[in-house]
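S.K.: compute the structure for the input listed below.
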Amino acid sequence: MSKFLIPIDFSEYSAVAVNYACQIAQQNGQSIDLVHVFADHSNIYLNAQNDTELKDPRVPLAERDMKKAIEEINKDYPGVQVNPIFKDGNLYEEIKKITNAEHYDAVVMGTKGSSGMESIFIGSNTYDTILNTKTPLLAVPLETAVLKKDRVGLLCNFKDAELTCLSQAMPLFNKDYELVLIHVNTKDREIKDIDADFKAFIARIESELGISDITYIIKPQSLFMRQKETIAQAVTSVLIDEQVDILLLTKSKKSVFRQITESNVIKKLAFDIKIPTFFARVLA
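M.R.: Numbering: from 1, shown residues only. Presented below is the predicted three-dimensional model:
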């Protein structure tokens, strides 16, 4: 069964993620698992099930809020099936356990927009979670109210992993959009050579994935105050200029994502995310 996993803490951030995922699910038929984690390692939920006298007041409050969230989904998206899950422990470890046990099209999580991944990943788990999750992750900024996918951007380095990223994103976004391939020319290659790479890569996308509405952008690293802009800054400027609705990132070792990570500017890109961003799962 095609499903989404959505961590929910009943904040406005998780509410936005739920609403966005429901819009996708309504179009594509996914069911939704809402998971609330009591994250203090004291077996709050487990104890509440085994001994009502030990029931922490947070448990009935969470159960009440979960019921309300499901009622709202049933009212606004009557065709979407929803299943509540309660867990004790560390959020990221519980997500890992759940996604290892079952297949999900994506984990969908809310962000604080200009604060980006800071609201999702805390402490040392931050980049381990992004880089090593075996399930695709869709980050949804607070400003995102309506599913819009007229233009979907893919950071492109002409690698097989980027085709796999598009394939992983297809259960969410299908292929009825304009695909914008974004290449940051970090090595100052000749434009004619990059054009040739694009033509060959686009031919593969068309033949292997059936996506036909494709454009591409070659972005040089501009100079500001005699300093070359970072990859993150270059990508951000393209997203704004080209009015891209959704960004796709692959995490293979040779991807643009890895270049960003290795150049220590992933924080800047992640913290500036203002559009839904799909992180494909780790590839060998």
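
S.K.: quick check: the gap between A200 and D193.
M.R.: Noted for A200: a distance of 11 Å to D193, by Cβ to Cβ, to the nearest Å. Just so you know, the C-beta spots here come from the backbone N, C-alpha and C atoms, and that holds for glycine as well.

S.K.: mind listing the helices in the protein by residue range?
M.R.: Assigned helices in the chain, in chain order: 12-28, 44-50, 58-76, 91-101, 125-132, 160-173, 191-209, 231-241, 256-262, 266-271 (criterion: DSSP state H).

S.K.: could you check how far the closest residue to N28 other than its chain neighbours is from Y104?
M.R.: Take N28 and drop its neighbours on the chain: the residue closest to it by Cβ to Cβ, 6 or more residues apart in numbering is P171, 6.4 Å away. When distances are taken as Cβ to Cβ, P171 and Y104 turn out to be 10 Å apart.

S.K.: comparing the two, which residue is more hemmed in?
M.R.: The residue with more neighbours, out of P171 and Y104 and counting by other Cβ atoms under 10 Å, is Y104; that gives 24 against 18.

S.K.: does that one really touch K134, like I thought?
M.R.: No: in this structure, Y104 sits apart from K134 without contact. The criterion is Cβ atoms under 8 Å, and the distance is 9.9 Å.

S.K.: got the domain ranges for the protein?
M.R.: Described in terms of automatic domain parsing, the domain architecture of the chain consists of the residue ranges 3-141, 151-279.

S.K.: need those in a markdown table with mean pLDDT, can you?
M.R.: As requested, the domains of the chain are arranged in a markdown table below (pLDDT from 0 to 100):
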| stretch | mean pLDDT |
| --- | --- |
| domain 3-141 | 82 |
| domain 151-279 | 85 |
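
S.K.: so what's P276 up against?
M.R.: Listed by Cβ atoms under 8 Å, 6 or more residues apart in numbering, the contact partners of P276 are Y20, L138, A139, V140, P141, T144, D245, I246, L247.

S.K.: ok, now with 6 Å
M.R.: If you count contacts by Cβ atoms under 6 Å, 6 or more residues apart in numbering, P276 has them with V140, T144, I246.

S.K.: from V108, how far out is it?
M.R.: Note on P276: its distance to V108, by Cβ to Cβ, is 9 Å.

S.K.: check K274 too.
M.R.: Using Cβ to Cβ, we find K274 at a distance of 17 Å from V108.

S.K.: the two: who's more crowded?
M.R.: A side-by-side neighbour count of K274 and V108, using other Cβ under 10 Å, places V108 first with 29 against 17.

S.K.: wait, the more buried one touches L5, no?
M.R.: No: because the distance of 7.3 Å does not satisfy Cβ atoms under 6 Å, V108 is recorded as not touching L5.

S.K.: beta partners of the closest residue to D213 other than its chain neighbours?
M.R.: The spatially closest residue to D213, leaving aside those adjacent along the chain, is E178, at 4.7 Å (Cβ to Cβ, 6+ apart). Beta-bridge pairing of E178, defined through DSSP bridges, involves R151.

S.K.: what is the burial count for E178?
M.R.: If we define neighbours as other Cβ under 10 Å, then E178 has 17 of them.

S.K.: try G210
M.R.: 9.

S.K.: from K3, how far out is it?
M.R.: Look at G210 and K3: by Cβ to Cβ, they are 24 Å apart.

S.K.: same question for E206.
M.R.: In this structure, E206 and K3 are separated by 30 Å, where distance is defined by Cβ to Cβ.

S.K.: more crowded one of those two?
M.R.: Remark: of E206 and K3, K3 carries more neighbours, 18 against 13, as counted by other Cβ under 10 Å.

S.K.: sort out for me which of the contacts of P276 are in strands.
M.R.: The members of the contacts of P276 that map onto strands under DSSP state E are V140, I246.

S.K.: redo the contacts of P276 as a markdown table? Include distance to F86.
M.R.: Formatted as a markdown table, those follow (distance: Cβ to Cβ, whole Å):
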| residue | distance to F86 |
| --- | --- |
| V140 | 22 |
| T144 | 27 |
| I246 | 31 |
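
S.K.: setting aside sequence neighbours, what's the nearest residue to H183?
M.R.: Residue nearest to H183 in three dimensions, not counting chain neighbours: C156, with 4.9 Å by Cβ to Cβ, 6+ apart.

S.K.: nothing else from me, thank you.
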